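Based on what follows, work out the 3D shape:
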Amino acid sequence: MVNTEIPVNASFSDNFTYIPNPASPLFLHSSDIPGMCLVITPFSGSGYGGWRRSMIVSLSAKSKIKFVDGSCPRPITTDVSKLRQWDKCNNMVISWLTISLSPTIAKSVQYFETTESIWNQLEHRSGAVNGTKDELGTMRKNHGNRFMCAARDGIQKDKEEDKLHQYLMGLNEIYVGVRSNLHMMQPPPTLDSAYNILLHDENQRQVQYTPQLVPESISF
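Have a look, this model is predicted:
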């Protein structure tokens, strides 16, 4: 007798493509391509409120705002086609978001895996500094019930330290002094704190830089 039993972990969706409803945030239009800038001027450290508003409008128009506010998390399913579609959309929005940032800021968030985590970093870094909290109520979600694992805090701490070391190693040699100080800090600073310290150091260097005029040049 032939055994026709299907293995428990088999998935019918492995060889199929998931096609979402056009109204779904998982739907990608033919015009949606990686590297498409959604704003006129990429965010470079100032004017965060206007940039943020433009991004929200553009992402809402493309039905992708749920990837930013966390209301479209990666599905918990064995349907491989749905997981691939979510990953595809998440990566697409990440490309739109990072191309809308200056190269320096984009580099500082390049190791984050979701659009939501990148957006939250930008909120922490620039939202508080610039005081742009006008639409925060529409963007914040309560994620406290998402993770019930007892080891969550320890795992999250290790991930944050890995991101910090990756970020510091990507800095150029002009930051070698402050980078060494950050490496020696115990406990290690958060990525947000390290970014703010580096930003403060850069601002101090700009303020202290005063070109000296050579007397001969003045007389000439």
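
give me the element Met92 is part of.
Secondary structure from DSSP states H and E places Met92 in helix 80-99.

residues of that helix that come out buried?
81-83, 85-86, 89-90, 92-99 (16 or more other C-beta atoms under 10 Å). To be clear about C-beta, it is placed using only N, CA and C from the backbone, and glycine gets the same treatment.

now, among these, which is nearest to Ala194?
Lowest distance from Ala194 to the buried residues of helix 80-99 (C-beta to C-beta) belongs to Thr98, with 19.3 Å.

That closest one and Gln121 touch, don't they?
No - counting by C-beta atoms under 8 Å, Thr98 does not reach Gln121; the two are 11.6 Å apart.

separation between Asn181 and Arg52?
Look at Asn181 and Arg52: by C-beta to C-beta, to the nearest Å, they are 31 Å apart.

Same question for Gln166.
Relative to Arg52, Gln166 is positioned 25 Å away (C-beta to C-beta).

Ok, Trp119 next?
In this view, Trp119 and Arg52 are 9 Å apart by C-beta to C-beta.

Check Thr78 too.
37 Å.

gap between Val57 and Phe27?
19 Å.

Neighbour count for the two, which is higher?
Phe27 (16 against 13; other C-beta atoms under 10 Å).

Remind me which helix or strand the more buried one belongs to.
Judged by DSSP H and E, Phe27 forms part of no helix or strand.

quick one: contacts for it?
Pro20, Asn21, Ser63 (C-beta atoms under 8 Å, 6 or more residues apart in numbering).

what does Tyr175 give?
Leu198, Asp201.

Could you do Thr114 as well?
By C-beta under 8 Å, 6+ apart, Thr114 lies in contact with Phe67, Arg74, Asn90, Ile94.

Noted, bye for now.
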